[in-house]
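1. Here's a sequence, model it:
(one chain, ligands or ions: 1)
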Amino acid sequence: MQMQSPSPLLFILATIILTQLSKNCYSSSLNSFIYVGCSQLKYNPGSPFESNLNSILTSIVSAASSANYNNFKIALPGSAQGDVAYGLFQCRGDLASADCRQCVSAAVARLRATCSGATGGALQLEGCFVRFDNESFVGAEDKTVAADRCGPLVGDDSGERGSVLSYLGAGGQFFRVSEAGKVQGMAQCVQDLSVGECQDCLSDAVERLRTQCGSAAWGDMFFAKCYARYSERGYTSKPENDDDDDDEELDKTLAIFIGLVAGVAILVVFLSFLSKALDHKGNSS
Ligand SMILES: *[C@@H]1O[C@H](CO)[C@@H](O)[C@H](O)[C@H]1NC(C)=O
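-> Numbering: from 1, shown residues only. Model prediction:
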């Protein structure tokens, strides 16, 4: 009997696995954790606010599949004045909608777990930002420092850092990128700000980054409503102990695919036995 070679099948499987793994690695870097903050105040479980909050978080995830920014105010029937929930999400300006949705849904899941029971929470991942509260914060400029960190000191870079920072602070869109030599930078405002407020927020963030991180290889300045960052090629601001959830996700994906490969292998062996058995039967009759 002619046994079919299993190599095309294995090749296809290997391709699927590699594609899936690389996709996972990419999205896990968009999901890299930057900061989270939860309000100290707690709401009563089962309260109308809880329903409004759940509704906000669901709306945020579904809106993220078709826009890079949106804000919501939800008061379902039966809500009192104090039960209103406010929320918004902002994806990095260069993300495609599939990546935005993926990032926002990871952010919301993490926010639900970390700020469980809190009346407010804000979470920044590499690719997106999500915030909710029972007090209105939408449309208000807020230059509170949420996270700031500097890389190792590397000294002079013949003005490249300075020129990237000047460009980021000089004006323009809600999302800005800049590159000079080996230094690249990025800035983003939450789009509930006006263009003028965004500019004011970013020029402060950039100024603070310049003063604080001086001659570091990279620097991050996250304000509540805008951020500016830069890094030299060869350096990354990604923290060492990155998002555990992503590792879990990766493990899960691996387990599923190893299971799939094993399953297909068993099927192939079984089918070849079966066809051999049928062959023999055919010969003997
Ligand atoms: C938000 O919730 C806290 C805790 O329940 C409450 O004390 C506060 O008044 C609420 N704020 C508004 C604007 O309703």
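
2. For the helix or strand encompassing Ser163, list every residue counted as buried.
-> Ser163 belongs to helix 160-170 when assigned by DSSP states H and E. For helix 160-170, burial by neighbour count (16 or more other CB atoms under 10 Å) applies to 160-161, 163-165, 167-169. The way it works is simple: take the backbone N, C-alpha and C, and place the C-beta from them, glycine included.

3. What is it packed up against?
-> Applying 3 or more CB pairs under 8 Å, 6 or more residues apart in numbering; DSSP states H and E, we find helix 160-170 packed against strand 175-180, strand 183-189, helix 195-213, strand 226-232.

4. need those in JSON lines with mean pLDDT, can you?
-> Formatted as JSON lines, these follow (pLDDT from 0 to 100):
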{"stretch": "strand 175-180", "mean pLDDT": "96"}
{"stretch": "strand 183-189", "mean pLDDT": "97"}
{"stretch": "helix 195-213", "mean pLDDT": "96"}
{"stretch": "strand 226-232", "mean pLDDT": "96"}
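
5. Turn those into TSV, columns for distance to the ligand.
-> Output for the helices and strands packed on helix 160-170, formatted as TSV (distance: least, CB to the nearest ligand atom, whole Å):
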stretch	distance to the ligand
strand 175-180	31
strand 183-189	25
helix 195-213	22
strand 226-232	24
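
6. Can you tell me which of these is nearest to Val154?
-> Taking CB to CB, strand 226-232 is the member of those nearest to Val154, at 6.8 Å.

7. do you know how far Ser116 is from the ligand?
-> Distance, Ser116 to the ligand, by CB to the nearest ligand atom, to the nearest Å: 15 Å.

8. Please disregard the earlier target; I meant Asn134.
-> Distance from Asn134 to the ligand, counting by CB to the nearest ligand atom: 4 Å.

9. was I right about that residue contacting Ser79?
-> No - using CB atoms under 8 Å, Asn134 is not in contact with Ser79; the gap is 10.7 Å.

10. Next, show the common contact partners of those two.
-> Listed as contacting both Asn134 and Ser79 by CB atoms under 8 Å, 6 or more residues apart in numbering are Phe49.

11. Pick out the residue in this structure sitting closest to the ligand.
-> Going by CB to the nearest ligand atom, the ligand is nearest to Gly82 of the chain, at 3.3 Å.

12. Can you list the low-confidence ranges for the stretch 101-250 of the chain?
-> 238-250 (pLDDT under 70).

13. Within range of the ligand, give me the residues from it.
-> Contact residues (CB under 6 Å from any ligand atom) of the stretch 101-250 of the chain with the ligand: 119, 134-135.

14. I would like a ChimeraX command selecting only the buried ones among those, please.
-> Command for ChimeraX that selects the buried part of those, burial taken from 16+ other CB under 10 Å:
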select :119,134
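
15. Mind putting the residues of the stretch 101-250 of the chain next to the ligand into a markdown table with secondary structure?
-> A markdown table is the format used below for those (DSSP: H, G, I helix; E, B strand; the rest coil):
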| residue | secondary structure |
| --- | --- |
| Thr119 | coil |
| Asn134 | coil |
| Glu135 | coil |
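
16. can the residues of the stretch 101-250 of the chain next to the ligand go into TSV with extra columns for distance to Leu260?
-> Output for these, formatted as TSV (distance: CB to CB, whole Å):
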residue	distance to Leu260
Thr119	43
Asn134	45
Glu135	48
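
17. Tell me the one among the residues of the stretch 101-250 of the chain next to the ligand nearest to Gly93.
-> Gly93 lies nearest to Glu135 out of those, by CB to CB, at 27.2 Å.

18. Could I get the contacting residues of that closest one?
-> By CB under 8 Å, 6+ apart, the contact set of Glu135 is 86, 119-120.

19. what do you get if the cut-off is 10 Å, keeping everything else the same?
-> 39, 41, 82, 84, 86, 119-120 (CB atoms under 10 Å, 6 or more residues apart in numbering).

20. Good, we can wrap up now.
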